[in-house]
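Trainee: okay, sequence plus prediction incoming.
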Amino acid sequence: MRLQYEPFPLVRERGDATAKLAFLAFFGLGDSPQARECLLELIRRQRSDGAFPSQLDSSNWGMRETVRTALLLLEVGLPPEGVNVNSAASFILKHQNPDGGWCENRALKLPPERTWLSNQRSITWLTADVVDLLCQVGMGGEPVCQSAVEWLKAMQKQDGSWPSLAEDVNHPQKASGDPDSTAQIAFLMGEICGEQDSAYLKGRRLYERYLDECAQEVERGYRIRLRDGEKERLDVYHLTHLFLSWLLDLPRRIQSGYDRDDPRVKEMMKALVEIQREDGGWRPFWSERSCPTYTVLAVKVLSLTGAVPTQVLKGQAEELAG
């Protein structure tokens, strides 16, 4: 497969420092002039307490931004014991909830449509990101990390799925959880607890069903919205999040055999190439414009699954590196 349009001008012109740096690091260009410029921009944002500002309100810290920026700093080679990563990790550890999970900053006013975020209830996918960070800085065996893993296991639903948030006991609970969170957490459990772990096995069986359903949507050329039964065009979000949950998510699912050799994945990647826009980017369903972050995510998924040759993409990426 080949991309119809070059995605890199869009990333260069409209991408933020995080998207550009994640993109360059993926292609081994993390030491390029452009990457160093992006890294310096991120480091300048770090607060004196070690946290990073929230995208929702830059006057307040954001837990999501702090965790994920720390992971990006590790990706580009900053040491775990260095001041930037170490101070971010120390800040995160101070904000673990009593149940073992993490939530967003309680001082933030969260938009009601951000149903996957909470500053009251622990967030499963955010806690999984924290576990990834703790493992990468050598704290995977520490009680703080183990309690987070146990909390995640306790959050798994009967059908093998995970909700995005710790469920409110005062409201009716949904029968099934969130596909994105389930895909991310199931394979994290497999890596930490082993491939015979019951939580992993139940989650992976459900993941197979999610892939089957997405492949069926690709075959008929549209999705059906659960909330109202309306037809919806295929988009980059639904074609990538079963493989990577965000830019620095480790490719555990792809490395477990869900690549172009799987007929379902091959058809999904073909559909992903076909919906690339003329400006070189991809548009998630909630936006009218191409999104640089989702463009980087699409490129990573296409490359990691083997659908688009990495060397072709890397050659083009060097232009962005400077």
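Mentor: Great, that's in hand.

Trainee: what segments of the stretch 51-200 of the chain are strands?
Mentor: 52-53, 61-62 (DSSP state E, counting those that start in this stretch).

Trainee: quick one: closest of these to residue 104.
Mentor: Nearest to residue 104, of all the strands of the stretch 51-200 of the chain, is strand 61-62, at 6.9 Å by Cβ to Cβ. (C-beta placed from N, C-alpha, C; glycine too.)

Trainee: packing partners of the closest one?
Mentor: Other helices and strands packing on strand 61-62, by 3 or more Cβ pairs under 8 Å, 6 or more residues apart in numbering; DSSP states H and E, are strand 52-53.

Trainee: please name every helix or strand in contact with the strand it packs on.
Mentor: Using 3+ Cβ pairs under 8 Å, 6+ apart: strand 52-53 touches helix 33-45, strand 61-62, helix 63-75.

Trainee: highest average neighbour count across those?
Mentor: For the helices and strands packed on strand 52-53, the largest average neighbour count (mean count of other Cβ atoms under 10 Å) is found in helix 63-75, namely a mean of 23.

Trainee: check which helices and strands that helix sits against.
Mentor: Packing partners of helix 63-75 (3+ Cβ pairs under 8 Å, 6+ apart): helix 17-26, helix 33-45, strand 52-53, helix 83-93, helix 124-136.

Trainee: how far does that helix sit from the chain's center?
Mentor: 11 Å (Cα atoms, centre = their mean, to the nearest Å).

Trainee: repeat for stretch 177-196
Mentor: Distance, stretch centre to chain centre, for stretch 177-196: 13 Å (Cα atoms, centre = their mean).

Trainee: same deal with stretch 205-222?
Mentor: Here stretch 205-222 is found 20 Å from its chain centre; the criterion is Cα atoms, centre = their mean.

Trainee: next, format the helices and strands packed on helix 63-75 as TSV and append mean pLDDT and distance to residue 239.
Mentor: Converted to TSV, those look like this (pLDDT from 0 to 100; distance: least, Cβ to Cβ, whole Å):
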stretch	mean pLDDT	distance to residue 239
helix 17-26	94	18
helix 33-45	95	27
strand 52-53	98	29
helix 83-93	97	31
helix 124-136	98	18
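
Trainee: coming back round to it: for my notes, please list the strands of the stretch 51-200 of the chain in TSV and give distance to residue 116 for each entry.
Mentor: TSV is the format used below for these (distance: least, Cβ to Cβ, whole Å):
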stretch	distance to residue 116
strand 52-53	19
strand 61-62	14
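
Trainee: among those, which is nearest residue 30?
Mentor: Residue 30 lies closest, by Cβ to Cβ, to one member of the strands of the stretch 51-200 of the chain: strand 52-53, at 18.7 Å.

Trainee: that closest one: partners in the sheet, and parallel or antiparallel?
Mentor: The pairing partners recorded for strand 52-53 under DSSP bridges are strand 61-62 (antiparallel).

Trainee: quick one: average pLDDT of the partner strand?
Mentor: Averaged over strand 61-62, pLDDT sits at 98.
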